[in-house]
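Visitor: Build me a model:
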Amino acid sequence: MEPAEWGPVTNAGAAMPPTPPDTPGRRRAVRAAGLGLLAAAVVLWGFAGFTWRVPAAALGGVVVARLLLLPLFPRRLRAWLGPLVLAATFLYLLTQVSGWAWGITLALVGTAVGVVRLPRWRVLAASVAVGVVCAAGLLVSGHESAVQQQLQQAQGDQVDASRELADDPTLLLSSLTTLIVSGDTVGGCFYFSPAAQAQFAASVGARDCPVAISVLHQQVRDPARYQSPRLPPEAITRGPGGEMATVNACVATWGPAFEGSPSDGSVGPRLGVLTLVRQHGNGYLVTRYTGCGG
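Guide: I've put the predicted structure just below:
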């Protein structure tokens with residue numbers, strides 16, 4: 001009887017199966033898998049914003065694979081090392097994008113497979129349907145994200161603006177009178193909320209806040225003294241914690257006349273009662289304005 005043929009024997013005496021040949025079919029499978037993963041990775045990279053981290057991570061993976069992992073791989077599996085690096089890059093990209101982007105990527109891959117499988121159309125139809133649904137979801141999600149970013153930006157702008165407001169009620173009044181003297185319509189209206197701007201303009205008989213500042217600017221007779229109003233202690237009331245305050249500017253007085261001051265002692269128009277609210281822990285904003293005539 002002829003002795004049986006055995007493969008290579010290990011030290012333990014166990015027979016090892018022969019290494020399968022590197023057939024053209026296997027090479028085509030490896031190439032197809034690599035190209036498919038590469039295409040999916042490029043699509044996901046686009047959804048991730050084409051960040052430089054992705055090619056850097058892929059290049060690092062190739063270097064590590066070539067220097068460290070290649071000698072450890074059996075010869076028959078070394079052809080799959082490249083697709084494995086692409087698969088790792090693909091998995092990394094999945095953590096950088098939304099689920100809608102995942103769905104669109106899978107739909108694109110499924111569409112490509114479906115086109116190859118024509119005239120069998122079910123895979124193609126299902127992939128197109130999934131792609132449409134995921135694209136719609138991505139658009140809605142992107143719109144919601146954009147709105148949220150705009151709200152956050154607006155809130156940040158409000159916080160920044162609140163730092164420019166006066167942090168003391170008396171200082172706010174003197175800042176307003178100074179801006180009226182200079183005719184600064186933008187700076188003067190900056191201290192009023194939109195509702196208070198309308199009330200302020202109505203008390204002067206102007207159509208809006210900038211016109212009201214201009215009207216009062218024309219009524220200033222003694223600019224030097226008008227910029228330094230004086231208030232008795234009872235003209236300022238503060239709420240709990242200093243978050244709110246009321247300034248009765250109707251009772252404001254001014255210091256003694258300077259040389260060149262009007263002989264009749266007039267200084268300028270009186271401002272009304274200002275209700276102040278502290279903004280974001282910073283300065284005060286006029287949220288309500290009532291003229292001295294009620």
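Visitor: Measure how buried Val277 is and give me the count.
Guide: Neighbours of Val277 under the rule other C-beta atoms under 10 Å: 15. For every residue, glycine as well, the C-beta is placed using N, CA and C.
Visitor: now swap in Val247 and tell me
Guide: 26.
Visitor: same check, this time on Tyr226
Guide: 22.
Visitor: before we move on, what SS does the closest residue to it other than its chain neighbours have?
Guide: For Tyr226, ignoring the flanking residues on the chain, the nearest one in space by C-beta to C-beta, 6 or more residues apart in numbering is Gly268 at 4.1 Å. With DSSP: H, G, I helix; E, B strand; the rest coil as the basis, Gly268 sits in coil.
Visitor: Okay, Gly268 and Cys134: tell me how far apart.
Guide: 65 Å (C-beta to C-beta, to the nearest Å).
Visitor: For the protein, just list every one of the strands.
Guide: With DSSP state E as the criterion, the chain has strands at 236-238, 244-248, 273-278, 284-290.
Visitor: any low-confidence regions in the stretch 101-250 of the chain?
Guide: By pLDDT under 70, the low-scoring segments of the stretch 101-250 of the chain are 113, 116-117, 150-163.
Visitor: follow-up on the earlier one: any idea which of the strands of the chain gets closest to Arg225?
Guide: With C-beta to C-beta as the measure, strand 244-248 is the member of those nearest Arg225 (18.6 Å).
Visitor: what lines up beside the closest one in the sheet?
Guide: Strand pairing for strand 244-248, determined by DSSP bridges: strand 236-238 (antiparallel), strand 273-278 (antiparallel).
Visitor: Dump these to a markdown table, plus distance to Val215.
Guide: As requested, these are exported to a markdown table (distance: least, C-beta to C-beta, whole Å):
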| stretch | distance to Val215 |
| --- | --- |
| strand 236-238 | 26 |
| strand 273-278 | 18 |
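Visitor: which one of those has the most crowded surroundings?
Guide: Burial of the strands paired with strand 244-248 is given as mean neighbour count (mean count of other C-beta atoms under 10 Å); strand 273-278 ranks first at a mean of 21.
Visitor: Using TSV, lay out the strands of the chain together with distance to Leu106.
Guide: Output for the strands of the chain, formatted as TSV (distance: least, C-beta to C-beta, whole Å):
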stretch	distance to Leu106
strand 236-238	62
strand 244-248	56
strand 273-278	52
strand 284-290	51
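Visitor: Between the ones you listed, which one is closest to Asp167.
Guide: Once those are compared by C-beta to C-beta, strand 284-290 is nearest, at 6.9 Å.
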